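1. take this sequence and fold it.
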Amino acid sequence: MATLRFESTDLARTEEFLSMAYTRMHLGGRAERTRTRVSRESAGSLDVDELDFDHDLSHDAVEPIGKVCLCSVHSGGVVRRYAGGTEGVFAAQDVFMYTPPDRLYAGVIQGASYSLLMFDPGLLDQVAATGPGHPADHVRLTGDRPVSVAAGRRLNRLIAHLRDHVLNDPAACEAPLIVSTVSQLVASTVLDIFPNNALVEPTAEDNHDAHRAVLRRAVAYIDAHAHEPITLADIAAASGTTGRAVQAAFRRHRGTTPMGYLRRVRLEGAHRDLRAADPTSGATVSGIAARWGFGPTARFAVSYRERYGMPPGHTLEE
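-> You can find the predicted model right below:
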C-alpha cells in the first residue's frame with residue numbers, strides 16, 4: 001500500500017510535484033492564488049487520486065504519462081488538448097479518458113475537483129486480446145468517453161469502491177492475490193465502459209479450439225497455480241490457445257468462466273485453511289481470506305456461506 005499527500009499554494013512547488021506524480025509538465029497560472037491539494041492511494045499499478053484546484057491552471061505535458069488515465073469530474077471544468085488540435089471540454093459529472101499512455105496532452109484545469117484512476121496499460125492485455133492476425137497489437141481504449149451514461153456511472157462506482165474499500169485497507173494492499181484480482185477486475189470493467197479494440201466474442205477458430213483437452217489443460221493449470229497471481233492470459237498460454245477459446249471451453253463444458261472457476265478453487269483453498277487453522281494461534285478469517293485473494297471480509301463471508309452453509313468464522317472455531 002502506498003499513499004501520497006500534497007498541498008501547496010506555491011506554483012513552482014506544484015509543478016515539481018505534478019511532474020513527479022504524473023509526467024514532466026509545465027504549468028501556468030496566477031502565482032498569487034494557487035492552492036492545490038492532491039491525495040493518492042495505490043496498490044500494484046493501480047492509483048486512485050483525488051485532486052482539488054481552487055484556481056485556473058494551464059498544463060502542458062513534456063512526456064506521455066505511460067499509464068491509462070481516466071478522470072471523473074466532481075466540480076469545475078477541465079479542458080484537454082492533444083497534439084494536432086483535438087480538444088475536449090469536460091464539466092461536473094463528466095467521465096473521460098484524460099490521456100492514452102503514449103500521447104502528449106495539454107489543457108486547462110478550471111478551478112476543478114476530480115478523481116483519477118490510473119493503471120499500467122499491460123493490464124488490458126492480461127484480460128483480453130485483439131483479433132486474430134494481429135498478435136503484436138496491444139489492447140487499448142479507442143475512445144475517450146464511456147459507451148453510455150450508465151457506463152460512466154459504473155466507472156464512478158468503481159473508483160469509489162477502490163478508494164473506500166480496497167486501497168485504504170493495508171491488509172488488502174499487501175495481499176498479492178487481492179491486488180492481482182482487483183487489478184484484473186479494473187481492467188475488465190474499463191473495457192466494458194470505454195470503446196476499445198479488444199475482440200470479445202470467440203472466432204470460428206476459437207470455437208473449434210474450445211474442446212475438452214483445452215479445458216483439461218486450463219483446469220490443471222488453475223488447480224496448480226490458484227495460490228499465485230494468475231491471469232486469463234496465463235491460463236490461455238498454459239492451454240495452448242487464446243483467452244477467448246478458454247472462455248468458450250469453460251462455458252461449453254462447465255457452464256462457468258475461467259475466472260469463475262479460479263474463484264471457486266480459491267474459495268476451496270480458504271475453506272481448507274479455515275478447517276486446519278487453530279484460532280488460538282492468531283489465525284483470523286480476514287487473514288486467511290486475504291491469503292486466497294478475498295477481501296473485504298464481508299463479501300467473502302457471503303460467498304462462503306452460499307457455498308458451505310455457514311459463516312467462515314464458524315468453520316475456524318470448529
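
2. any idea how far residue 50 lies from residue 159?
-> Going from residue 50 to residue 159 by Cβ to Cβ, to the nearest Å gives 9 Å. Bear in mind the C-beta positions are built from the backbone N, C-alpha and C, glycine included.

3. list residues touching both of these two?
-> residue 115 (Cβ atoms under 8 Å, 6 or more residues apart in numbering).

4. of the two, give the one with the bigger neighbour count.
-> residue 159 (21 against 16; other Cβ atoms under 10 Å).

5. who touches the spatially closest residue to residue 211 that is not a sequence neighbour in this structure?
-> Leaving aside its chain neighbours, residue 211 sits nearest to residue 249 (6.8 Å; criterion: Cβ to Cβ, 6 or more residues apart in numbering). Counting by Cβ under 8 Å, 6+ apart, residue 249 makes contact with 209, 210, 211, 212, 214, 215, 218, 239.

6. give me the number of neighbouring residues for residue 204.
-> 8.

7. helix, strand or coil for the spatially most central residue of the chain?
-> Nearest to the geometric centre of the chain sits residue 186, at 2.7 Å (Cα atoms, centre = their mean). Using DSSP: H, G, I helix; E, B strand; the rest coil, the secondary structure recorded for residue 186 is helix.

8. these two touch, right, residue 72 and residue 98?
-> No. Here residue 72 lies out of contact with residue 98, judged by Cβ atoms under 8 Å, at a distance of 10.1 Å.

9. ok so the residue nearest to residue 211 is a strand residue?
-> No. Assigned with three-state DSSP, residue 249 falls outside any strand and is helix.

10. just the pLDDT for it.
-> As predicted, residue 249 sits at a pLDDT of 90.

11. ok, it to residue 69 distance?
-> 35 Å.

12. go on, residue 260?
-> Computed as Cβ to Cβ, the residue 260 to residue 69 distance reads 30 Å.

13. so which of these two has more stuff around it?
-> residue 69 (22 against 12).

14. about what we covered before: sitting in helices, which of the contacts of residue 249 do you find?
-> If you go by DSSP state H, the contacts of residue 249 have 209, 212, 214, 215, 218, 239 in helices.

15. quick one: the helices in the stretch 51-200 of the chain?
-> Along the stretch 51-200 of the chain, the segments classed as helices by DSSP state H, counting those that start in this stretch run 122-127, 149-161, 170-173, 176-193.

16. make CSV out of those and add distance to residue 35 and mean pLDDT.
-> What follows is these, written out as CSV (distance: least, Cβ to Cβ, whole Å; pLDDT from 0 to 100):
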stretch, distance to residue 35, mean pLDDT
helix 122-127, 34, 91
helix 149-161, 23, 93
helix 170-173, 29, 84
helix 176-193, 31, 92
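
17. distance check, residue 310 against residue 289.
-> In terms of Cβ to Cβ, residue 310 sits 15 Å off from residue 289.

18. more neighbours: which of the two?
-> Between residue 310 and residue 289, residue 289 has the larger neighbour count (other Cβ under 10 Å), namely 29 against 11.

19. what's the helix or strand for the more buried one?
-> Element membership for residue 289, per DSSP states H and E: helix 285-291.

20. by contact count, what packs against the helix or strand that that helix is followed by?
-> For helix 285-291, the following helix or strand on the C-terminal side (DSSP H and E) is helix 297-308. Using 3 or more Cβ pairs under 8 Å, 6 or more residues apart in numbering; DSSP states H and E as the contact definition, the elements that helix 297-308 packs against are helix 258-276, helix 285-291, helix 312-317.

21. make it 6 Å
-> Judged by 3 or more Cβ pairs under 6 Å, 6 or more residues apart in numbering; DSSP states H and E, helix 297-308 is in contact with helix 285-291.

22. list the buried residues in the helix it packs on.
-> For helix 285-291, a neighbour-count test (16 or more other Cβ atoms under 10 Å) marks 285, 286, 288, 289, 290, 291 as buried.

23. how about the strands in the stretch 51-200 of the chain?
-> 56-61, 68-82, 87-91, 95-99, 105-119 (DSSP state E, counting those that start in this stretch).

24. angle of the last one against strand 56-61?
-> I take that to be strand 105-119. Strand 105-119 runs at 80 degrees relative to strand 56-61, counting by axes from the mean of the first three to the mean of the last three Cα atoms, to 10 degrees.

25. by contact count, what packs against strand 105-119?
-> strand 46-53, strand 56-61, strand 68-82.

26. can you give me the angle the first one makes with strand 105-119?
-> To tie it back to what came earlier, the one meant is strand 46-53. 140 degrees.

27. which elements pack onto strand 46-53?
-> strand 36-43, strand 105-119.

28. among those, which comes closest to residue 302?
-> Nearest of the helices and strands packed on strand 46-53 to residue 302, taken as Cβ to Cβ: strand 36-43 at 22.6 Å.
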